[in-house]
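Asks: Sequence and computational prediction follow.
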Amino acid sequence: MSKSRKRSEVLYQEALQHIVGGVNSPSRSFKAVGGGAPVFMKRAKGAYFWDEDGNQYIDYLAAYGPIITGHAHPHVTKAITAAAENGVLYGTPTELEITLANMLKEAIPSLDKVRFVNSGTEAVMTTIRVARAYTKRNKIIKFAGCYHGHSDLVLVAAGSGPSTLGIPDSAGIPTSIAHEVITVPFNNLNGLREALDKWGEDVAAVMVEPIVGNFGMVMPEPGFLEGLCQMTHENGSLVIYDEVITAFRFHYGSAQTYAGLDNHEAIQPDLTALGKIIGGGLPIGAYGGRKHIMEQVAPLGPAYQAGTMAGNPASISAGIACLEVLKGEGVYEEMERLTIKLTEGLKASADRNAIPLTINRIRGSFSAHFCDHPVTNYDEAQDTDGEAFAAFFRHMLDRGINLAPSKYEAWFLTTSHTEADIDATLAAAEESFKAMKQ
Ligand code: PMP
């Protein structure tokens with residue numbers, strides 16, 4: 001069954017000579033699944049990839065989220081082509097930016113004002129600056145296992161308990177910066193209470209992925225976001241939602257307006273960071289929130305943030321086109337229908353082969369954890385069988401199924417996946433589970 005990936009191996013050796021680690025983002029390496037050459041893809045269309053050796057794959061990576069319409073969707077491609085023909089970068093305002101800003105505001109009502117940037121990292125980084133400018137406080141509370149991009153403040157792990165200050169998660173981050181961050185467990189209001197009791201006076205913001213996408217897909221427990229918003233606001237701090245993954249992922253809106261969560265009024269953030277899907281596959285980020293808070297941002301206010309590429313017509317056009325596709329009748333329902341079929345089939349197949357598997361599904365996305373316990377926080381996500389995942393990943397790859405090379409990443413369906421793709425994936429999974437037992 002094993003596919004030949006000779007050319008990927010050759011290209012990997014060459015890439016290693018020129019590009020650090022051979023990849024332009026560490027999550028693309030196969031380090032977490034036993035190492036070796038990652039697959040070098042050459043072309044993508046719809047739900048499929050073709051690698052440099054001509055092998056075809058069904059893709060569930062969706063480029064870590066943005067490609068929700070599938071690769072090279074005709075409507076998105078047409079918008080990008082038209083933008084290219086009209087010039088890709090102006091350095092002046094355009095009407096397109098107003099159109100996309102309005103689309104975001106209509107779908108996510110807590111956004112009175114938005115600003116476009118170039119990545120999720122930038123969006124998150126700036127929400128923190130704005131929150132600090134507004135509250136005139138310095139510290140940030142975040143949740144263990146949530147990923148918020150690679151800026152200094154959010155690449156900080158927990159200290160030895162919820163009420164200790166953070167330690168840097170990466171070399172190059174000064175301890176003085178890590179000391180501005182407190183990390184508490186997700187779905188644990190007591191941890192947040194403890195941190196606020198101890199450091200509250202200096203806390204500018206509590207930052208959270210309202211539905212987690214970075215240690216699998218994890219829903220907040222009932223009351224968690226309500227309690228978080230209430231405690232944070234009582235403390236005079238701002239609530240920042242990182243919706244870089246979740247915006248437009250589950251419905252035409254974001255987690256803060258998702259029907260799977262109740263009590264929307266009680267879970268509205270002050271600031272929201274966006275990215276991924278809103279750029280239709282081109283580089284983008286955005287942040288926004290309440291008018292009086294956003295007015296801290298230059299040129300209106302004292303918090304500086306700028307960008308040569310920000311709001312460029314190509315990314316904005318792709319974003320508009322992508323959201324237009326997602327506005328279509330029944331689009332999310334169909335992704336969900338196929339995902340239910342896939343997850344139910346995967347679970348049944350794992351059970352048949354006596355392989356413990358916990359699936360967390362949220363509409364058209366899910367995570368599959370090799371364990372026999374629920375996954376509701378980072379500790380539980382870590383306590384899963386990484387070797388089993390690595391074996392499954394490789395068996396699936398050999399059978400033409402492309403997953404993210406990490407046990408923490410989600411599977412994303414797109415509007416391009418079909419019933420036949422699901423059937424083929426389930427057949428590959430059955431063979432993979434069987435092979436894992438040998
Ligand atoms: N926030 C979240 C929730 C993310 O998942 C990511 C990226 N995976 C980021 C921020 C950073 O976005 P980018 O990679 O576009 O900088």
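Replies: Nice, thanks for sending it over. Numbers count the residues shown, from 1 in each chain.

Asks: pretty sure Arg137 contacts Val206?
Replies: No. Under the contact definition of C-beta atoms under 8 Å, Arg137 does not touch Val206, with a separation of 11.7 Å. From N, CA and C alone the C-beta is placed, and that goes for glycine too.

Asks: Tell me which of these two has more neighbours.
Replies: Applying other C-beta atoms under 10 Å to Arg137 and Val206 shows that Val206 carries more neighbours, namely 28 against 20.

Asks: which residues touch that one?
Replies: Contacts were defined as C-beta atoms under 8 Å, 6 or more residues apart in numbering; by that measure Val206 touches Ile140, Ile141, Lys142, Leu192, Leu228, Thr232, Ser237, Leu238, Val239, Ile240.

Asks: Adjacent strands (with direction) for the helix or strand encompassing it?
Replies: With secondary structure defined by DSSP states H and E, Val206 is part of strand 203-208. Paired strands of strand 203-208, with direction, are strand 139-143 (parallel), strand 238-242 (parallel) (DSSP bridges).

Asks: Give me whichever of these is most buried.
Replies: Between the strands paired with strand 203-208, the one whose residues have the most neighbours on average, counting mean count of other C-beta atoms under 10 Å, is strand 238-242 (a mean of 29).

Asks: Name the next helix or strand downstream of it, please.
Replies: Elements were assigned by DSSP H and E; along the chain past strand 238-242, the next helix or strand is strand 271-275.

Asks: Quick check: neighbours of that following strand in the sheet, parallel or antiparallel?
Replies: When sheet partners are counted by DSSP bridges, strand 271-275 sits next to strand 238-242 (parallel), strand 285-289 (antiparallel).

Asks: Need the residues touching each of Arg137 and Val206.
Replies: Shared between the contact lists of Arg137 and Val206 (criterion: C-beta under 8 Å, 6+ apart) are residues Ser237.

Asks: Could you tell me which residues of the stretch 51-200 of the chain lie near the ligand?
Replies: Among all residues of the stretch 51-200 of the chain, those adjacent to the ligand (criterion: C-beta under 6 Å from any ligand atom) are Tyr64, Ser119, Gly120, Thr121, Val124, Tyr147, His148, Gly149.

Asks: and Tyr408, how many residues sit next to it?
Replies: Counted with other C-beta under 10 Å, the neighbours of Tyr408 add up to 23.

Asks: show me what contacts it?
Replies: For Tyr408, the set of contacting residues under the criterion of C-beta under 8 Å, 6+ apart consists of Gly145, Asn214, Phe215, Gly216, Ser367, Ala381.

Asks: Just the ones in helices from those residues, please.
Replies: Judged by DSSP state H, the contacts of Tyr408 include Ala381 as members of helices.

Asks: Can you tell me which of the contacts of Tyr408 has the largest number of neighbours?
Replies: For the contacts of Tyr408, neighbours were counted using other C-beta under 10 Å, and Phe215 has the most, 29 neighbours in all.

Asks: correct me, but that one touches Thr384?
Replies: No. Under the contact definition of C-beta under 8 Å, Phe215 does not touch Thr384, with a separation of 9.7 Å.

Asks: From Ser170, how far off is the one residue in the stretch 201-350 of the chain that gets nearest to the ligand?
Replies: Using C-beta to the nearest ligand atom, Val244 is the residue of the stretch 201-350 of the chain that sits closest to the ligand, at 3.5 Å. When C-beta to C-beta, to the nearest Å is the yardstick, Val244 and Ser170 sit 19 Å from each other.

Asks: Done for today, thanks.
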